[in-house]
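> turn this into a model:
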Amino acid sequence: MSDATTPDASAMRDVARQLVDQLADGWSKGRPDLMVGVFADDAVFVETPFSAPISGTDAIRQWAGDIPYYQSEAAFTVGEVFVAGPWFSTEFKLVFRRRTTGEWVDARGALFAETDGSKITELRMYWHRWNGGRETSRA
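Numbering: from 1, shown residues only. A predicted model of the protein is given here:
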């Protein structure tokens, strides 16, 4: 049962889709301002399960500010968004070229977010990356 402050499932799915699409668009364009725009002021971001949490939009902006300096030709795409109350998750793919070496990187993973109904309050990412592009199987 929802109250006046909790969006219904359909509305939350729309909010989640808008948030994840803006995050992906900002990452693809190397625009930290777009990325940070999805977060609540006191949000927590955990890049990988082994990373220290980054708290607050100023710290998240500082982290995201490195993206345009180290990644070029980035394409961040997301899959179907799954919603449960104020939480959502999706799979993602990130392909980019390292500015320092020219090497391609292919990253695949999932992200899990908690929201306040309009902004992300916690974002956790789980991913694996292949340097040099996707690995090929040996036959």
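
> show me where the chain has strands.
39-46, 54-55, 71-78, 82-84, 87-98, 104-115, 120-131 (DSSP state E).

> which stretch among the ones you listed comes nearest residue 61?
Closest approach to residue 61 among these (Cβ to Cβ): strand 39-46, 9.0 Å. Glycine gets a C-beta too; all of them are placed from N, C-alpha and C.

> now the angle from the closest one to strand 104-115?
120 degrees (axes from the mean of the first three to the mean of the last three Cα atoms, to 10 degrees).

> strand 39-46: partners in the sheet, and parallel or antiparallel?
strand 54-55 (antiparallel), strand 120-131 (parallel) (DSSP bridges).

> wait, which of the strands of the chain is closest to residue 62?
strand 54-55 (8.2 Å).

> circling back to that earlier point, just send the strands of the chain back as a markdown table, with mean pLDDT and distance to residue 65 too.
Compiled in a markdown table, these are given as follows (pLDDT from 0 to 100; distance: least, Cβ to Cβ, whole Å):
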| stretch | mean pLDDT | distance to residue 65 |
| --- | --- | --- |
| strand 39-46 | 98 | 13 |
| strand 54-55 | 98 | 12 |
| strand 71-78 | 96 | 12 |
| strand 82-84 | 96 | 30 |
| strand 87-98 | 96 | 16 |
| strand 104-115 | 96 | 19 |
| strand 120-131 | 93 | 17 |
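
> export the ones you listed as a markdown table, with columns for distance to residue 32 and mean neighbour count.
Formatted as a markdown table, these follow (distance: least, Cβ to Cβ, whole Å; neighbours: other Cβ atoms under 10 Å):
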| stretch | distance to residue 32 | mean neighbour count |
| --- | --- | --- |
| strand 39-46 | 11 | 18 |
| strand 54-55 | 13 | 16 |
| strand 71-78 | 12 | 16 |
| strand 82-84 | 26 | 15 |
| strand 87-98 | 15 | 18 |
| strand 104-115 | 17 | 18 |
| strand 120-131 | 14 | 16 |
